[in-house]
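Attaching a predicted model along with its sequence, questions to come.
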Amino acid sequence: MESTERLVRTWMATEGEEEILQLVSGMFQHLLNVLHLFYESQVPDINNGSTTLLNVVKALGEYLTAEEDQLRTKVRVLTGFYCSKVEDWDTIIPALKGLAHLTGLPAFTTEEVPKVLDSVFQHVKMKNIVQSVRYNVFMIFDNLIARHRDVLKAMGPNFIERYVNLVEGEKDPRNLLIAFAIARVILIEFEISQFIEHDTLVTMSICFPIYGAPLARSNARKLWNALKLEVFQPMSTVTGIDVEGQALQTIQDLVKTIYPEDQPTTEDEDIKGLAKDACEECLNILREPEKSQAKPAIKILCAFMSTTPSICRYTTSQLVPHLLKLFIDPEDVSSRPSVLLLLSDVIAAARDAFNRVQDDQYMDTEGVETPLTPFKDEILSVVASGLKVSSCRNPAIACLLGLISTKGLLTEEELGFIVHSVNELLAEDTEDEDEETSSAALKLLAAISIQAPRHVKEQTLPQLFSALPDRAPPKDDIKARVRYWKALSALTTLCHQPELFEILVIRLTTRLDLLCFPNQTTGTEDDLEPDAAYGHSMLLTIYKVLQAKIDEGHHDIPKYIDSLIPRLFNIFVYSALACNGQYMVGIDPRLITAGGRIITSVVQSLPLSRQESYVQELFAAYYDGKAKGIAAGQQTISSDVLFRPFDDNASRMQGNLVVLLSSASIALRKEIRIPVPDLNVYLNETLGWALSKAENEMQREAIWKMLAAIVNKRCEDAPTFLSGVLDSFWLERIADNHADLSARQRSLRAWSWLSRALLVRAHPLYGQFIDRLFALFGEEEISMHAAKVFGDVVNTDDVLTKRNHAVIKLLHTQRYVNNVLHRLINGAKDTDDARTQTGHLVALSSLISQVPKTLYAEDLPSLLPLLIRGLDLPEFSIRRKVIDTLLAVCEDGSADKGAISEHAPSLVNTMLKNSRLSGTASANVRISALKLLGTLPSVVRYDILHPYKATVIRELAGALDDPKRAVRQEAVVARTSWFKFNG
């Protein structure tokens, strides 16, 4: 035995790939043969037969059970490989065979179990494969049951349910032997009580219609006594199985069987037996609506209402008067919120039952009233009084939501009464105003506006507009500013319907005119800042409503190209021409940016023909000075002052309005031709203007976005421009290390946008744009900026989107990552040039932080050491992105946790370093570091982290005194996580 152990240690030290692979595959006999052939002369025990396979396995014990060695790494890689091949029908047979071997190895750890299960459950269809392949599937589960039973138990009903669904219907005796053995373990050791209860209830639901009404009626009392326990006293504690819901469904099936729909029961006195007895029993419980049993009782009665029309009418006739009587009882005022909450459930159940009847194409519904019609007036009276009491408001609003969503229940006058009552609630100006109540009230009014916008238009909107001042209140008047913020927020919620949105646009643009062009225009920028903030809020309100209308598919948006958009252009253009260097609200960059968003939203919704005519007017205004073609409003733009933002002598205020040109251009369809003689010349001139004449970053970013949108949609019209950018622009503006650094950085920003424009449409030139960046990694000044481009080109933005009609090809990000990832990894590992290595590392960190984890999951073991090195980079934004990437890996819950465990010591020390206030980390970096530190105990085993527990708890005490509240909160969470961490 001693010689065998020595042989195994020597063999393991050689790290022979072929032999290790055979070991991982479980071929121990082949291993013995390899050892025999390889060391025959050194170990006579093998020759004379004195050693056995058992001795070899014992000698390999420390290697087979080691958590961090190459064997487990190879098993993890092989597991991922086989799981990926299960998805492919051509490779599923060998993949399942490989998994059957791997799951039986000691080197197969618990971390790979979820990955294997997910792969098998998702991709294996037992009915489509032969017996021998199904046998391998059963062997996989048999191995997991035998070796990783605790992991399967921890999955609870999720594993059992998926396993049963997978193996159901197996008939082959050879497979059934294994299936029965697995089933025996599950029945004895797993928690299956919920499945028994649930399946019993399902069986009962199926049997009721088969056995018929007589048998169900004769056993109704026994069945009721058993079923109600599952609702009143649910014994289910494991999540995932809704026994209570199935019990309610079984009660419904029982009632439908006893009281069929064709039974002529129209009067209350015709209802006898179970329905009457159960209803009376639940009503007795509801005499104390605040008690815990009231909720199950109301669930049962609501289930009754969802059975047949006759039972629904009977239950409603008994239940609603009972609840109304409880509410008006003066001796039990404290229970009114509970009563209204129960009543809201009843109203919702009655609505659903009535809507189901209305949607039944086989039922004559003409003249059928809702079950709530006889009690409508009393309910409205009770709910209206509930709105006046703060504790009753939320359940009262829930009742009203149920009423207005019931088809044909309320009249126009009653809807108007509800709007009036809710308006009174919103008009209250109290210090203890409840945000939840206000939000629910606005949701109610929004629902009413869909059915009857007239009431909201005539009652609610005037009240909200009256809360908007003509001029912004001063900075120190906090209450007044909060008041108009709330009014604008309410308008954002309510004004989605075309009739209401039109009023919103008229009223807000009128106020914006008064704000931008008051009678007296004196004041500094600080004096007018509240007005600018107020105007910005109004424009954001219009933009948010526009976005909501686009999401809801409204068709009235294009008409605002002739009303809203000209007024906005008039405000901005007139302000830029009339300001004479003085600050005006209409030239504030915040307003221009918000106005640009509105323009984008409207232009993107235009049909092709209207976009074509509008782009002609737009370019004529910006390049020919014909601003009146796109602007119209209260102020008349003078013909004496030309609007030419791109002229050399144009003011900065005019130059800022290129944002509006860009906003309209990025929303054009790909069929729209830019109205210029030569697109190549135009793009070159515009690019040159942005680099040499643009006065601020706002102007440059607008041009980058416009160029990217045009190149993405019309690249076939600009081959000369693209080739010029690749050659002369690169050499003169970026690669020239004698050029001004800030100019090179701006040029790189343009390069990034153009690269992204080509990348998303999978243009052949995008690879050349990306390859050029590698040449900059050797330059200290520009290397960091060039490296960031690798992540910027795949960063999500609001420009190159389907909504803006951009040309986007499927899998463009995947192709890009496949092309550059391994090149960046190899460069980050290369130690010949530290500067180039750092550039690759920054580029890798930037890329990984912007793409989904699935695109680099296979390379995660080699990526993790590099990402950890990236945590020492001086750039705060890069460090934070790296930490967030590691955090996403930890929270993913996949087998990659094993890779995290391998580097846990380094991660702990690095996160502690980045969480210290005395270090070089920013607040955002400290927050991310603490989040990752708090997550590690749930990812890494206790025996690995135990040596660091005391140090972490001690070091985190300093973070508890951090001046930033958000940092202190994360420190508390992280410290608690480590304090509770035990083996």
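In hand now; what should we look at?

show me where the stretch 301-450 of the chain has helices.
Ranges of helices in the stretch 301-450 of the chain, per DSSP state H, counting those that start in this stretch, are 309-328, 336-359, 376-386, 393-404, 412-427, 435-451.

Out of these, indicate the one that is most buried.
Ranked by mean neighbour count, the helices of the stretch 301-450 of the chain are led by helix 393-404 with a mean of 23 (mean count of other Cβ atoms under 10 Å). Bear in mind the C-beta positions are built from the backbone N, C-alpha and C, glycine included.

What are the structural domain limits within the protein?
2-65, 70-191, 209-452, 887-979 (automatic domain parsing).

Next up, the contacts around Ser132.
Under the criterion of Cβ atoms under 8 Å, 6 or more residues apart in numbering, the contact list for Ser132 is empty.

Just the element for it, please.
For Ser132, the host element (DSSP states H and E) is helix 131-147.

buried residues in that helix?
133-145, 147 (16 or more other Cβ atoms under 10 Å).

tell me the pLDDT at Glu269?
According to the prediction, Glu269 has pLDDT 51.

typo on my end, Arg217
Arg217 is given a pLDDT of 77.

now the one 5 residues further on
At Lys222, the model reports a pLDDT of 84.

quick thing: my sequence starts at 8, can you match it?
Will do, 8 is the new start, and the previous item becomes Lys229.

which SS state does it fall under?
Recorded secondary structure, Lys229: helix (DSSP: H, G, I helix; E, B strand; the rest coil).

so who does the residue positioned nearest the centre of the chain touch?
The chain has Pro859 as the residue nearest its centroid, 13.1 Å off, counting by Cα atoms, centre = their mean. The contact partners of Pro859, taken as Cβ under 8 Å, 6+ apart, are Thr820.

Next up, phi/psi of it, please.
Main-chain dihedrals, Pro859, degrees, to the nearest 10: phi -60, psi 150.

Distance-wise, check the residue lying closest to Ile789 once chain neighbours are set aside relative to Ala794.
In space, Ile789 comes closest to Leu783 once its chain neighbours are excluded; the distance is 5.2 Å by Cβ to Cβ, 6 or more residues apart in numbering. Distance of Leu783 to Ala794, computed by Cβ to Cβ, to the nearest Å: 8 Å.

could you point out which element follows the helix ranked longest in the chain?
The residue-count maximum for a helix in the chain (DSSP state H) belongs to helix 532-559. In the C-terminal direction, the helix or strand that comes right after helix 532-559 (DSSP H and E) is helix 571-585.

Give me the helices and strands touching whichever helix or strand comes after that next one, please.
The helix or strand immediately downstream of helix 571-585 is helix 596-611, counting by DSSP H and E. Helix 596-611 sits against helix 532-559, helix 571-585, helix 665-672, helix 704-721, with contacts defined as 3 or more Cβ pairs under 8 Å, 6 or more residues apart in numbering; DSSP states H and E.

Pull out the buried positions in the first one.
By that I understand helix 532-559. Within helix 532-559, the residues that count as buried by 16+ other Cβ under 10 Å are 535-553, 556.

Could you say which one of the domains of the chain comes nearest to Leu668?
Nearest to Leu668 among the domains of the chain is domain 894-986; the distance by Cβ to Cβ comes to 34.3 Å.

for the record, mean pLDDT for stretch 143-159?
Computed over stretch 143-159, the mean pLDDT rounds to 91.

nope, stretch 296-303 is what I was after
Stretch 296-303 shows a mean pLDDT of 92.

what does that stretch contact?
Contacts to stretch 296-303, defined as Cβ under 8 Å, 6+ apart, come from residues Val238, Phe239, Ile292, Leu293, Glu295, Leu330, Leu333, Ser341, Ser342, Ser345, Val346, Leu349.

Tell me the first helix or strand C-terminal of the one helix or strand Gly731 maps to.
Here Gly731 sits within helix 726-731, counting by DSSP H and E. Going down the chain from helix 726-731, the next helix or strand is helix 748-767, by DSSP H and E.

Next, the angle helix 704-721 makes with that next one.
Inter-element angle recorded for helix 748-767 and helix 704-721: 30 degrees (by axes from the mean of the first three to the mean of the last three Cα atoms, to 10 degrees).

Going toward the C-terminus from helix 748-767, what's the next helix or strand?
Counting by DSSP H and E, the next helix or strand C-terminal to helix 748-767 is helix 773-780.

if you average pLDDT over that next one, what comes out?
94.

What of stretch 563-570?
The model assigns stretch 563-570 a mean pLDDT of 95.

Now do the buried residues in that stretch.
Applying 16+ other Cβ under 10 Å to stretch 563-570 flags Ile564, Tyr567, Ile568 as buried.

Likewise for stretch 565-584?
Neighbour counts over stretch 565-584 (16+ other Cβ under 10 Å) mark 567-568, 571-584 as buried.

Widest-spaced pair of these?
For these, the farthest-apart pair by Cβ to Cβ is Tyr567 and Leu584; their separation is 23.9 Å.

residues contacting Asn802?
Arg763, Gln857.

circling back: the residue nearest to the centre of the chain and Ala657, how far apart?
For Pro859, the distance to Ala657 - Cβ to Cβ - is 44 Å.

go on, Arg707?
Look at Arg707 and Ala657: by Cβ to Cβ, they are 15 Å apart.

Give the residue spans of the stretch 108-257 of the chain that score low on pLDDT.
For the stretch 108-257 of the chain, the stretches flagged by pLDDT under 70 are 201, 204-206, 242-248.

For Ser212, grab phi and psi.
Backbone torsions for Ser212, taken as degrees, to the nearest 10, come to phi -60, psi -40.

From what I see, it and Asp260 are in contact.
Yes - assessed by Cβ atoms under 8 Å, Ser212 is found in contact with Asp260 at 4.4 Å.

returning to what we had before: I'd like to know which elements the longest helix of the chain is packed against.
helix 485-501, helix 505-523, helix 596-611.

now the angle between helix 571-585 and it, please.
Angle, helix 532-559 to helix 571-585, by the same axes, to 10 degrees: 160 degrees.

Mean confidence (pLDDT) on helix 532-559, please.
Helix 532-559 comes out at a mean pLDDT of 94.

With stretch 341-348 instead?
pLDDT averaged over stretch 341-348 gives 93.

I'd like the distance from it to the chain centre, please.
Counting by Cα atoms, centre = their mean, to the nearest Å, stretch 341-348 is centred 36 Å from the centre of its parent chain.

what's next to that stretch, contact-wise?
Here stretch 341-348 makes contact (Cβ under 8 Å, 6+ apart) with 295-297, 301, 330, 333-334, 389-390, 393, 396, 398-399, 402-403, 405-406.

shaky segments in the stretch 258-407 of the chain?
Within the stretch 258-407 of the chain, the segments meeting pLDDT under 70 span 268-277, 366-374.

what two of the contacts of stretch 296-303 are the furthest from one another?
Val238 and Ser341 (25.8 Å).

the more surrounded of the two?
Between Val238 and Ser341, counted using other Cβ atoms under 10 Å, the more crowded position is Val238 (20 against 9).

Setting aside sequence neighbours, what's the nearest residue to the more buried one?
In space, and not counting its chain neighbours, Val238 is closest to Pro303: 4.7 Å by Cβ to Cβ, 6+ apart.

Count the neighbours of that neighbour for me.
Other residues near Pro303 come to 20 when the count uses other Cβ under 10 Å.

relative orientation of whichever helix or strand it is part of and helix 316-335 in degrees?
In this structure, Pro303 sits in helix 301-312 according to DSSP H and E. Here the directions of helix 301-312 and helix 316-335 differ by 150 degrees (the same axes, to 10 degrees).

So Ser608 is in contact with His561, correct?
No - at 11.4 Å, Ser608 does not count as touching His561 under the criterion of Cβ under 8 Å.

which one of these two has more residues nearby?
A count of neighbours by other Cβ under 10 Å puts Ser608 above the other of Ser608 and His561, at 23 against 15.
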